[in-house]
Each structure stands twice: as structure tokens, then as C-alpha cells.
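*Asks:* sequence plus predicted model, see below.
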Amino acid sequence: MPEQNIIIDKASGKDIERDGYQYLKRQILRKGDTLVIKELDRLSRNKADIKRELEQFKDMEIRVKILDIPTTLTDFPPEQAWVLEMINAILIEVLGAIAENERNKIRARQREGIAAAKKKNVRFGRPPKSLPQNWRQIMADVRNGNNEHIYIKGDGSLDDGMEIVTHPMSLEYHKNDMKWQEVMQRAISLGYRSHQTSTCGLHIHVNRNSLGDTHDEQEEVISRILYFVEHHWNEMLKFSRRSEYSMNRWAARYGFEKTGREILDKAKKGNNGRYAAVNLMNWATIEFRLFRGTLKYNTLIAALELVNAICDLAINLTDEGMSKMSWSEFVDTLHEPELIQYLKERKLYVNEDIANEEDM
């Protein structure tokens, strides 16, 4: 079995909303596949969930083998399949009830333990961070001065963190006027991390009106942007510093098609919601969501320069020109030192070893 088809969840089997399991269902399993599960309670400890999931797999024509239920491993002749199905249904009903009962016992013991600890004034949760009370204002004041450049907001996907949002700026303004190094150094000094976390991302918005004067012109350019991202997906994934699993969860691809227009039509169906590599759900911008978060200045600038280069390419090339553009030909058009340095670090520019400073 290919290693990428082996899913190990570190989350509890109390329910089915586990990252690995949901990725398995949505991205890996296909009609005719066989799903092997070590034990029934690794699927779930909720009897209703177990029955519902098994029914879904049956409808999808996916065979489920459960190692602690030997009859699920047995192949019966087609005319006797009903006997096997009946036996398995009985065993699953019984073992599912046992798993659910065990889960209820665990929850009861947890409640009793928490109640006893509270009587002893035991504190729960993470210890509080030793941050100044006005940390939001400190971060906002780092660069705003007389003009508001950034603001700080919360984000439900961040655990004990914050999101830095800029007002619209050109690439040159980001590089020459916006003192990102100072902002990043202050964030690090306050104990924050971006790359070294599980959920933080770098999202780059591009105004739609910068891509064309009319809606139709903008759509043409966007279709070529989507084509480039899908056509060079392996390189974009490597550039992003995300794992394939993380990308599928937070910035999924639309899937390659023969033309950019076909990819755009697929994107408009909205199956990925806003969790797409290039999110088109904002009315005024398109959003590149691919990149993993960073507090390293060169990585930030390189990502901005890459997005700018892709957009320039999509504006200036025809559909045919875009389809013929290889990654090496694209790289040959680049001149920005930060971007070239980063491409070398990621082995996307030339095949040479280069020291790579760790992202924060």
C-alpha cells in the first residue's frame, strides 16, 4: 500500500470530525477501493456515526475491512453475500454499542475528575502569556505612525494568535515604504511565530481592477492565473512550504483542465468555498491563499514578487502563450533578487545548494 494512503489520526475517536479521516474520505477513497481499519472504535465511538459512515461507504461501493471483526475480512460467494452482511451488521451493532458505552464511561470519569480538581482550585488550560496589556496597540503602532498601514484582528482559525492585515499597497510600497522587518522583529520579540505553527497562513490579495478595465478582461486574466497555478502545481506546492495535506485543507486546488476558462468555470461552482488556492469569492479581489505563514522578511517579499510576476504574465500573455510557458522559462523572466534567492533555497531556480535561514 502506498505510504500516502495510510492515515494516522492523533485525535480521539470520539467523533468523525478528524483531519486525517476527513482527508481520507474526501481526497483518497474512490469507488471500488478497500478501506482497512484496525479496530471499529478507531472509526468512531458513536454508534450512530459508525452506522452512518458504513452506509456511506456501501453507497460509494467501498469495501470496509475491520481487523478486529474477522468476518469483514472474509470473501463469500455472491449468492451468500447476504449471510455475511447480516453477521457483520450484528457484530457492528454489538461492538458499536460497547465502544459508545466505553466512551460514555470515559466522559463520566473526566467530569468527576474535573469537578474534584476544581474543588482544589486547580487551574485549567494554557498558562497566560506574559504580554503587555496593550499588545494590539503596540503591534499596530510599530509602523502606522501618522498613517494607518496595518490593523490587527482576531481569527477563529488561530489558536491564541492574531492576524496582521494591511490596507491596499503596491508591491513597491511594500518593499520600499512599509517597514516589514520592524513589524516582524517586534512580533517575534513578543513571542509570536507564524511558520512554526499549525494553522497560520500568508494570504495575498490582488485587486480585480488591476487585472483589466472590464469584467470580461478581468475574467480572461484570472483564467490564465488559474491555469498557471494548476499547470505548475508541484512547483507552487514546493514554493508554499505547506504540506499537501495542509494545502488540501486550507488552499485546495481546483484541478487541472485543458484551458484556463474551464478551470475558471469549475472555480465558480464554489465547491472549495474560500479554502481554495486562489479564492475568487471576494467581490473586489482575488486571494492567493497558498503560502504558509512567515515572519521572515525575504520569504514575505518573495511571495509578493511571485504573485506579481504571475499576474503580469497573465495580463501580457495570450491563452496559447500561457499554455506553452514552462516553469524554467517563467523563472528566466524573473529579476527580483529576493524572489530568485528564495527560489534557489527551495531548489526551484537552479540545482545548487544554498544556505536557508529558518522561517519563524
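*Replies:* Right, received. Where do you want to start?
*Asks:* low pLDDT regions in the stretch 251-360 of the chain?
*Replies:* For the stretch 251-360 of the chain, residues meeting the criterion pLDDT under 70 lie at 350-358, 360.
*Asks:* meant to ask about the stretch 101-250 of the chain, not that
*Replies:* 103, 123-147, 155-160.
*Asks:* buried stuff in the helix or strand encompassing residue 51?
*Replies:* For residue 51, the host element (DSSP states H and E) is helix 47-59. Residues of helix 47-59 classed as buried: 47, 49-50, 53-54, 57 (neighbour count, 16 or more other Cβ atoms under 10 Å). Bear in mind the C-beta positions are built from the backbone N, C-alpha and C, glycine included.
*Asks:* buried sites along the helix or strand following that helix?
*Replies:* Later in the chain than helix 47-59, the nearest helix or strand by DSSP H and E is strand 63-66. Of the residues in strand 63-66, those buried by neighbour count under the rule 16+ other Cβ under 10 Å are 64, 66.
*Asks:* try stretch 204-214
*Replies:* Within stretch 204-214, the residues that count as buried by 16+ other Cβ under 10 Å are 204-206, 208, 211.
*Asks:* hmm, who's touching the helix holding residue 51?
*Replies:* Helix 47-59 is contacted from outside by 15-16, 29, 35, 40, 43-44, 63-64, 92-93, 96-97, 99-100, using Cβ atoms under 8 Å, 6 or more residues apart in numbering.
*Asks:* of those, which pair is most distant in space?
*Replies:* Spatial extent of the contacts of helix 47-59 (Cβ to Cβ) is set by the pair 29 and 97 at 26.2 Å.
*Asks:* higher neighbour count, those two?
*Replies:* Residue environment comparison for residue 29 versus residue 97 gives the larger neighbour count to residue 29, 16 against 12, counting by other Cβ atoms under 10 Å.
*Asks:* can you give me the distance of the residue nearest to the more buried one when sequence neighbours are not counted to residue 28?
*Replies:* The shortest distance from residue 29 to any residue other than its chain neighbours is 5.7 Å, reached at residue 62 (Cβ to Cβ, 6 or more residues apart in numbering). Here the distance between residue 62 and residue 28 works out to 11 Å (Cβ to Cβ, to the nearest Å).
*Asks:* compare the two (neighbour count), which wins?
*Replies:* Between residue 62 and residue 28, residue 62 has the larger neighbour count (other Cβ under 10 Å), namely 17 against 14.
*Asks:* contacts only, for the one residue sitting closest to the centre of the chain.
*Replies:* Taking Cα atoms, centre = their mean, the centroid of the chain lies closest to residue 250, which sits 2.5 Å from it. Taking Cβ under 8 Å, 6+ apart as the criterion, residue 250 is in contact with 199, 201, 242, 275, 289.
*Asks:* number of nearby residues for the fourth one?
*Replies:* Other residues lying near residue 275 total 14 when counted by other Cβ under 10 Å.
*Asks:* for the buried ones among the contacts of residue 250, write the corresponding ChimeraX selection.
*Replies:* Here is the ChimeraX command that selects only those of those that count as buried (16+ other Cβ under 10 Å):
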select :201,242,289
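*Asks:* tell me which of the contacts of residue 250 fall in strands.
*Replies:* Secondary structure assignment by DSSP state E places 201, 289 of those in strands.
*Asks:* can you add distance to residue 330 and give the contacts of residue 250 back as a markdown table?
*Replies:* Listed next are the contacts of residue 250 as a markdown table, based on distance: Cβ to Cβ, whole Å:
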| residue | distance to residue 330 |
| --- | --- |
| 199 | 30 |
| 201 | 24 |
| 242 | 20 |
| 275 | 26 |
| 289 | 21 |
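*Asks:* separation between residue 305 and residue 251?
*Replies:* Separation of residue 305 from residue 251 (Cβ to Cβ): 19 Å.
*Asks:* with neighbour numbers in mind, choose between the two.
*Replies:* residue 251 (26 against 22).
*Asks:* separation between the more buried one and residue 339?
*Replies:* The gap separating residue 251 from residue 339 is 20 Å, by Cβ to Cβ.
*Asks:* neighbours around the nearest residue to residue 296 once chain neighbours are set aside, how many?
*Replies:* Nearest residue to residue 296, sequence neighbours excluded (Cβ to Cβ, 6+ apart): residue 359, at 4.7 Å. The burial count assigned to residue 359 is 17, neighbours taken as other Cβ under 10 Å.
*Asks:* ok, now which ones touch residue 359?
*Replies:* When contacts are taken as Cβ under 8 Å, 6+ apart, residue 359 is in contact with 194-196, 241, 292, 294-296, 299.
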